[in-house]
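1. My questions concern the predicted model and sequence given below.
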Amino acid sequence: MTSMSFKGMDIISISDLTKDQIEEILNLANKMIPYAKGEKTTKALEGRILANLFFEPSTRTRLSFESAMIRLGGSNIGITDHQNSSVAKGETLADTIRTVECYADAIVLRHPKEGAARLAAKFSEKPVINCGDGPGQHPTQTLVDLFTMKQEQGSMKDKNVVLVGDLKYGRTVHSLVEALALFGANLTFVAPDILQIPKESVKLLEKAGISINLERNLENVIADADVLYVTRIQKERFPDQSEYEKVAGSYKVDNTVLREAKKNLTIMHPLPRVDEIAPEVDYTENAKYFKQTFNAVPVRMAILSLIIGGQV
Amino acid sequence: MTSMSFKGMDIISISDLTKDQIEEILNLANKMIPYAKGEKTTKALEGRILANLFFEPSTRTRLSFESAMIRLGGSNIGITDHQNSSVAKGETLADTIRTVECYADAIVLRHPKEGAARLAAKFSEKPVINCGDGPGQHPTQTLVDLFTMKQEQGSMKDKNVVLVGDLKYGRTVHSLVEALALFGANLTFVAPDILQIPKESVKLLEKAGISINLERNLENVIADADVLYVTRIQKERFPDQSEYEKVAGSYKVDNTVLREAKKNLTIMHPLPRVDEIAPEVDYTENAKYFKQTFNAVPVRMAILSLIIGGQV
Amino acid sequence: MTSMSFKGMDIISISDLTKDQIEEILNLANKMIPYAKGEKTTKALEGRILANLFFEPSTRTRLSFESAMIRLGGSNIGITDHQNSSVAKGETLADTIRTVECYADAIVLRHPKEGAARLAAKFSEKPVINCGDGPGQHPTQTLVDLFTMKQEQGSMKDKNVVLVGDLKYGRTVHSLVEALALFGANLTFVAPDILQIPKESVKLLEKAGISINLERNLENVIADADVLYVTRIQKERFPDQSEYEKVAGSYKVDNTVLREAKKNLTIMHPLPRVDEIAPEVDYTENAKYFKQTFNAVPVRMAILSLIIGGQV
């Protein structure tokens, strides 16, 4: 396994990557940190162009990819408003992709329809990175999350990862769980019944020999957690608003909930948050969600340099 | 004729360029291909800034200019949403242009009003490139089209170019026809009566000694065509939708239509297409519209380096 | 006072800067002119990233900052449409800022709410530049204005600066007046009563020993003016439109009004203008508003290089 194997590769789903490939990306990401901070500069991707196609809004994914490309010496072009693009004139995604690949060395795509990224990769000769296709995958976010966990906890083998919030629709959760299974973590899913992790996911994880635990209350499991991964619960998921009001509070992380927690608990959130984590938690040693936000840059730098082919 | 003559020059209409100047641009574009592909890098326009002002949406023109500028080592700034700009505060185009030229080395302008680019050039000391002013000219698209034809067919002298679709309102057609006349091509116009090429254009072409042919059916002329240039027919042009349904099919290019075609027929389209060209045609050797899309980069690189003044 | 004192500094209000600091910025801006024009190039901020966050539209502030960053060898990322950002998902400004600072070396912020920039600076470890927070400050515009006045008039000590238009709500006026007081100019405020400079400002200026003059008619004071600083009067400020019609004309600057003016009068406007200055004035030697527009680049280059820390 050398980095040559990545050149030109599409990153569509976390399951396209072997454990070895994931580890190679994370190792390289670690080397990228001083470049991501601007402490060192590189011209690895000088003259290279990343096309950022966002057919759905995404501030942090877009800005972190743009930042990653610039920190590597490269440049960005993009679409952030699909209503101002030729898509509005009725163009197919296949045509848009075959057009944009003429102007760039790699394509980042967020699209509302599941399967869009796979289709784009089929039509593009340039590598395509899936940044969310509807309810589907967002593999680079998973790599950022995994990188942060390993940075804070070392090996994830037998570590207790508690995932809390919307585990049914939350896009980041499904890819992450798949990766965590690969690295041998124990998984606890805390959610109200209607937002609990889908049964098929549970079956797959059990088949893979992963220790699984389903819970309704965070209080019951917080003491044993090594990592607490919080996601947003969207009001709109509840048919009845009063139902939402009833559960929302039980999934809020504040200093009271954390009294029982391990000293070195790592608290993460893919952000943006609304009120799932109280601001008081920001000032604890456990809050790692802004570090996780920063980690998007070195991890995406690693991916871009591997698939476009620049040596840092 | 040396390239010095281009420095600071506005590109407003294809008729502003002599045949010699067009050939100089196309020759330079040919040299730009490896740079446009990212196989070679240059810093010809390092530190230089292109201002892309799009007061009407245009994904591919904007992205290809941005790509061209970056491949030359330069950078871009721009407006893509006129509703978010000072234009919305009632500023005149003359003031906007005199402002933006303070921040850039050249200006690319798309504007809904005919004559806007000429006005902008009058007020700007920096070179202005017209990328479409309402029903008016889009000269760099014409150069891209001409470059592609010559690349595929060699000399255009006495070559049969068949233009099909909306020849009345289609912006790209009028400039292209002017250029093709200069290079001695024979022209066939295939369109329903209400979208046929305007009579004044026909008169001008005949006066210039160009062989002209007006047709209603593609089948009648496909066998002799060296180049088939397809444009989109917009439903909105027809007062009666049933009228549209009646004609639309006769101008659709598919493999059945192409059975009678020459082996080395070049099929082009300025894109985006809706259904004027069937997807099955994409897999033929004749389909050159994505190559044409790519050619936007080297041709625009040639123009930018000539008018801003960087040596590659 | 060395430039080291600026590194990492926030620029929130003009009153945060000492007279010495303002002079250091303006001196450095003067050295930046050939770089701003593209006559010289520098890589002072190579690999560095400026995040431009515009939660309100602002073409010229945004484009001039982007241009300044590029002329210094750096790059830009940004948000121009807050409706397409995570702010739309309910994120707090504190979270947005702590996210964006992970991707950049400095942050430029325009926000509709007064105090937003100060809040952002509190949460950001990277320097924050306030580019307008509602009715509040826009300190870099003030520095651009001051730079232009000193460029045209030399020392501002005892120079007569006439400010005309909307002196009550006009954001640029309040910061500018503060700076002019520091440099010893005499100030005349010409406005209809309902748009006249607020009484608290007058008191503060008088306390500082500044010569103040309030006027209703431009004609009364034009003859003695060294600088005429014109701002837009917005119709919407008047409860009664007929009231607007009555006064609007009296504050319009045209060649007739200027007949009484000094030969070397400097006419300025922060732009965009609607009809406060007649186009005929553009052709006079006194019109310096487009020079003022250009000056945004060298002044912002000076600020960026000082607070990010690159040596030109």
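-> Great, that's in hand. Numbers count the residues shown, from 1 in each chain, chains lettered A, B, ... in the order given.
2. CA atoms for contacts and neighbours, from now on please.
-> Will do.
3. how near is residue A:301 to residue C:7?
-> Distance from residue A:301 to residue C:7, counting by Cα to Cα, to the nearest Å: 27 Å.
4. Which one of these two is surrounded by more residues?
-> residue A:301 (29 against 17; other Cα atoms under 10 Å in any protein chain shown).
5. Can you give me the neighbour number for residue A:215?
-> Here the number of neighbours of residue A:215 (other Cα under 10 Å) works out to 18.
6. show me what contacts it?
-> For residue A:215, the contact set (Cα atoms under 8 Å, 6 or more residues apart in numbering or on different chains) comprises A:188-191.
7. wait, which of these is closest to chain B?
-> Ranked by distance to chain B (Cα to the nearest Cα), the contacts of residue A:215 are led by residue A:191 at 41.3 Å.
8. ok, which residues in chain A are in contact with chain B?
-> With the criterion set to Cα under 8 Å from any Cα of the partner chain, chain A comes near chain B through A:46-49, A:75, A:77-79, A:84-86, A:89-92, A:95, A:98-100, A:102-105.
9. Show only the entries of these found in strands.
-> A:49, A:75, A:77-79 (DSSP state E).
10. which among those end up buried?
-> If you count burial by 16 or more other Cα atoms under 10 Å in any protein chain shown, the buried members of those come out as A:49, A:75, A:77-79.
11. now those residues as a markdown table including pLDDT?
-> Shown next, in a markdown table, are these (pLDDT from 0 to 100):
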| residue | pLDDT |
| --- | --- |
| A:49 | 98 |
| A:75 | 98 |
| A:77 | 98 |
| A:78 | 95 |
| A:79 | 91 |
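12. Which one of the residues you listed is nearest to chain C?
-> residue A:75 (8.5 Å).
13. Any regions of the stretch 51-200 of chain A where pLDDT drops low?
-> Counting by pLDDT under 70, the ranges of the stretch 51-200 of chain A that qualify are A:81-89.
14. can you pull out the strands in it?
-> Listed in chain order, the strands of the stretch 51-200 of chain A (DSSP state E, counting those that start in this stretch) span A:75-79, A:106-111, A:128-133, A:160-164, A:186-190.
15. Need the pLDDT of residue A:3.
-> At residue A:3, the pLDDT value in this model is 52.
16. what's the answer for residue A:238, then?
-> Residue A:238 carries a pLDDT value of 76.
17. neighbours around the closest residue to it other than its chain neighbours, how many?
-> Using Cα to Cα, 6 or more residues apart in numbering or on different chains and skipping residues adjacent in sequence, the residue nearest residue A:238 is residue A:244, 6.0 Å away. Per other Cα under 10 Å, the neighbour tally for residue A:244 reads 17.
18. give the contact list for residue A:41.
-> Residues near residue A:41 by Cα under 8 Å, 6+ apart: A:35, A:71-73, C:46-47.
19. hang on, the earlier thing: quick one: closest of the strands of the stretch 51-200 of chain A to residue B:17.
-> The minimum distance between residue B:17 and the strands of the stretch 51-200 of chain A falls on strand A:75-79, with 29.8 Å, by Cα to Cα.
20. hang on, the earlier thing: which one of the strands of the stretch 51-200 of chain A lies closest to chain C?
-> Here strand A:75-79 is closest among those (Cα to the nearest Cα), at 8.5 Å.
21. which strands and helices sit next to the closest one?
-> On a contact count with 3 or more Cα pairs under 8 Å, 6 or more residues apart in numbering or on different chains; DSSP states H and E, strand A:75-79 meets strand A:49-54, helix A:59-71, helix B:59-71.
22. can you rerun that using 6 Å?
-> Contacting strand A:75-79 under the criterion 3 or more Cα pairs under 6 Å, 6 or more residues apart in numbering or on different chains; DSSP states H and E are the following elements: strand A:49-54.
23. do you know how far the residue nearest the centre of chain A is from residue C:216?
-> Residue closest to the mean C-alpha point of chain A, counted by Cα atoms, centre = their mean, is residue A:141 at 1.5 Å. Distance of residue A:141 to residue C:216, given as Cα to Cα: 61 Å.
24. do residue A:214 as well
-> Distance of residue A:214 to residue C:216, computed by Cα to Cα: 75 Å.
25. Next, count neighbours for residue A:192.
-> 22.
26. Report the contact partners of it.
-> residue A:216 (Cα atoms under 6 Å, 6 or more residues apart in numbering or on different chains).
27. Check the gap between it and chain C for me.
-> Distance of residue A:192 to chain C, computed by Cα to the nearest Cα, to the nearest Å: 22 Å.
28. What sits closest to the residue in the stretch 151-300 of chain A that chain C sits nearest to if chain neighbours are left out?
-> Nearest to chain C in the stretch 151-300 of chain A, going by Cα to the nearest Cα, is residue A:294, at a distance of 4.8 Å. With sequence-adjacent residues excluded and distances taken as Cα to Cα, 6+ apart, residue A:294 is closest to residue C:102, at 4.8 Å.
29. Which elements pack onto the helix ranked longest in chain A?
-> Criterion DSSP state H: the longest helix present in chain A is helix A:19-36. Counting contacts by 3+ Cα pairs under 6 Å, 6+ apart, helix A:19-36 is packed against helix A:289-304.
30. tell me the angle the helix it packs on makes with helix A:59-71.
-> Orientation check (axes from the mean of the first three to the mean of the last three Cα atoms, to 10 degrees): helix A:289-304 against helix A:59-71 gives 50 degrees.
31. which parts of helix A:289-304 are buried?
-> Going by neighbour count (16+ other Cα under 10 Å), the buried part of helix A:289-304 is A:289-290, A:292-304.
32. ok, those residues vs chain B, which is closest?
-> Nearest to chain B, judged by Cα to the nearest Cα, of these is residue A:304 at 15.3 Å.
33. Strands of the stretch 201-312 of chain A, start to end?
-> A:212-215, A:227-230, A:266-268.
34. Chain C contacts on chain A?
-> With Cα under 6 Å from any Cα of the partner chain as the criterion, chain A meets chain C at residues A:57, A:59, A:64, A:67, A:71, A:272, A:294.
35. run the last query once more with 8 Å
-> Counting by Cα under 8 Å from any Cα, chain A sits next to chain C at A:36, A:38, A:41-42, A:57-60, A:63-64, A:66-68, A:70-73, A:81, A:272-274, A:290, A:293-294, A:297.
36. Show me just the buried residues among these.
-> Buried members of those, counted by 16+ other Cα under 10 Å: A:36, A:38, A:41-42, A:57-60, A:63-64, A:66-68, A:70-73, A:81, A:272-274, A:290, A:293-294, A:297.
37. Contact partners for residue A:108?
-> Counting by Cα under 8 Å, 6+ apart, residue A:108 makes contact with A:50-54, A:128-131.
38. Just give me the closest of those to residue C:235.
-> Of all those, residue A:54 has the smallest distance to residue C:235: 38.2 Å, by Cα to Cα.
39. Tell me how many other residues crowd the closest one.
-> By other Cα under 10 Å, 22 other residues sit near residue A:54.
40. show me what contacts residue A:181?
-> By Cα under 8 Å, 6+ apart, the contact set of residue A:181 is A:205, A:208, A:210.
41. cutoff 10 Å now
-> A:156-157, A:187, A:204-206, A:208-211 (Cα atoms under 10 Å, 6 or more residues apart in numbering or on different chains).
42. which one of those sits closest to residue C:20?
-> residue A:156 (55.1 Å).
43. From chain B, how far off is the closest one?
-> Distance from residue A:156 to chain B, by Cα to the nearest Cα: 40 Å.
44. In this structure that residue contacts residue A:145, no?
-> No: Residue A:156 is not in contact with residue A:145 according to Cα atoms under 10 Å; the separation is 12.0 Å.
45. Those two: which has the busier surroundings?
-> Between residue A:156 and residue A:145, residue A:145 has the larger neighbour count (other Cα under 10 Å), namely 26 against 22.
46. how close does the nearest residue to the more buried one once chain neighbours are set aside get to residue C:100?
-> With sequence-adjacent residues excluded and distances taken as Cα to Cα, 6+ apart, residue A:145 is closest to residue A:292, at 6.7 Å. Residue A:292 is 13 Å from residue C:100, where distance means Cα to Cα.
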